[in-house]
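Colleague: Provided below are the primary sequence and the corresponding predicted coordinates.
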Amino acid sequence: MTPNTFPQFAKLPTELRSMIWEFALPDKPIGPFLYPYKPGYWSPRRLSAIGDRDDYSDLAHRLVDPVQFSMPLLLVNRQARAIAESWMDENSVQIRYYKDTESLVSVCAFHPQHDALYVSSENWEPFLSEMRSLYDKGYQLPRLADILLGVQRLAVPLSVLQAHEDTFPYVVNICPFIRKIFVVANLRPDLLFAGGDDSNLHARWELRKTEVARLWGPGLDRSWCGFTRGYGPGGYVADLIDRGADGLQEMFEDWDPERREGKRYVLRAVYAVRNEHQ
């Protein structure tokens with residue numbers, strides 16, 4: 001809203017103008033978002049720069065590239081900018097300077113508690129190799145637990161399940177803090193993060209959950225919600241999730257009760273969507 005579209009706006013009471021600017025802010029809560037994995041996120045060079053006082057959330061912020069978060073109110077006027085900055089502080093949206101474009105960009109950092117690390121088909125093997133290396137060399141990494149806590153929610157395209165039916169049990173073994181695995185059912189997953197691995201700032205893709213899900217927990221066998229297997233548009237996805245997850249049940253049965261205690265896993269089909277208005 002500018003003087004050209006509403007010439008009398010500047011004459012409104014300050015409180016009313018503030019209410020209008022606040023109404024223009026993004027809806028809360030924001031996210032969850034997808035953050036693309038890039039080979040080398042946990043390379044020795046990057047891990048050597050870890051500070052002793054960083055907690056696992058700080059480490060995730062530093063090791064995983066952010067996504068862009070548009071905040072038009074920053075460019076309107078002083079009052080709108082102050083309201084936008086206050087909202088950004090409350091929602092962990094930051095302004096960063098990027099040398100390659102010589103510009104200031106508002107970004108949202110990765111939060112492992114509710115965002116998901118997205119691993120594309122072409123990066124699936126590098127991801128497993130890197131996680132396996134962390135797992136095998138854990139005794140050399142005093143901050144290993146904090147590093148692995150950065151991977152609590154994982155997202156993969158449907159093609160990964162089609163090519164690797166042993167995906168779920170293997171990932172749960174080498175990523176012990178994972179609790180949710182999302183299967184991205186977009187028809188063209190190659191369009192996600194089309195900039196590839198060269199960019200250090202990525203487009204914002206939001207997760208939209210479907211009702212196709214499978215749950216595990218103490219005393220809980222295979223529990224389905226949503227589409228019946230093999231029925232409806234989600235049936236094919238449900239069948240793939242079921243086949244890809246069969247090994248999980250066998251793995252859980254081999255665990256002793258102490259190891260199973262408190263463990264709960266969710267496998268869910270999702271769609272990644274762009275919100276062009278925020």
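Modeller: Yes, it's here.
Colleague: For this protein, which helix or strand comes out least confident on mean pLDDT?
Modeller: Using mean pLDDT, DSSP states H and E, strand 220-225 stands out as the lowest-scoring helix or strand of the chain, at a mean of 54.
Colleague: buried residues in the host helix or strand of F168?
Modeller: Per DSSP states H and E, F168 falls inside helix 167-174. If you call a residue buried by 16 or more other CB atoms under 10 Å, then helix 167-174 has these buried ones: 167-172, 174. C-beta coordinates here come from the backbone N, C-alpha and C atoms, glycine included.
Colleague: Can you give the contact residues for it?
Modeller: Defining contact as CB atoms under 8 Å, 6 or more residues apart in numbering, one finds that helix 167-174 is touched by 128, 131-132, 134-135, 154, 156, 160-161, 164, 178, 181, 244-245, 247-248, 250-251, 265, 267.
Colleague: mind redoing it with 10 Å?
Modeller: 119, 124, 127-128, 130-136, 148, 151, 154, 156, 160-161, 164, 178-179, 181, 183, 214, 216, 241, 244-252, 263, 265, 267 (CB atoms under 10 Å, 6 or more residues apart in numbering).
Colleague: quick one, strands of the stretch 1-150 of the chain?
Modeller: With strands called from DSSP state E, counting those that start in this stretch, the stretch 1-150 of the chain shows them at 33-36, 67-68, 93-98, 103-108, 116-118.
Colleague: closest to L47 out of the ones you listed?
Modeller: The closest of these to L47 is strand 116-118. By CB to CB, the value is 16.5 Å.
Colleague: What mean pLDDT does that closest one get?
Modeller: Per-residue pLDDT values over strand 116-118 give a mean of 93.
Colleague: Show me what that strand is packed up against.
Modeller: The contact analysis (3 or more CB pairs under 10 Å, 6 or more residues apart in numbering; DSSP states H and E) places strand 116-118 against strand 33-36, strand 153-157, strand 180-184, strand 205-217, strand 265-274.
Colleague: Let's see that with 7 Å instead.
Modeller: Packing contacts for strand 116-118, counted by 3 or more CB pairs under 7 Å, 6 or more residues apart in numbering; DSSP states H and E, involve strand 33-36, strand 153-157.
Colleague: quick one: that strand to chain centroid distance?
Modeller: Distance of strand 116-118 from its chain centroid, counting by CA atoms, centre = their mean, to the nearest Å, is 4 Å.
Colleague: Could you report the pLDDT at Y170?
Modeller: Confidence at Y170, expressed as pLDDT, is 82.
Colleague: quick one: the helices in the chain?
Modeller: 14-23, 44-47, 56-63, 78-90, 124-136, 144-148, 158-163, 167-174, 235-254, 257-260 (DSSP state H).
Colleague: So which of the ones you listed is nearest R274?
Modeller: Of all the helices of the chain, it is helix 158-163 that lies closest to R274, at 18.7 Å by CB to CB.
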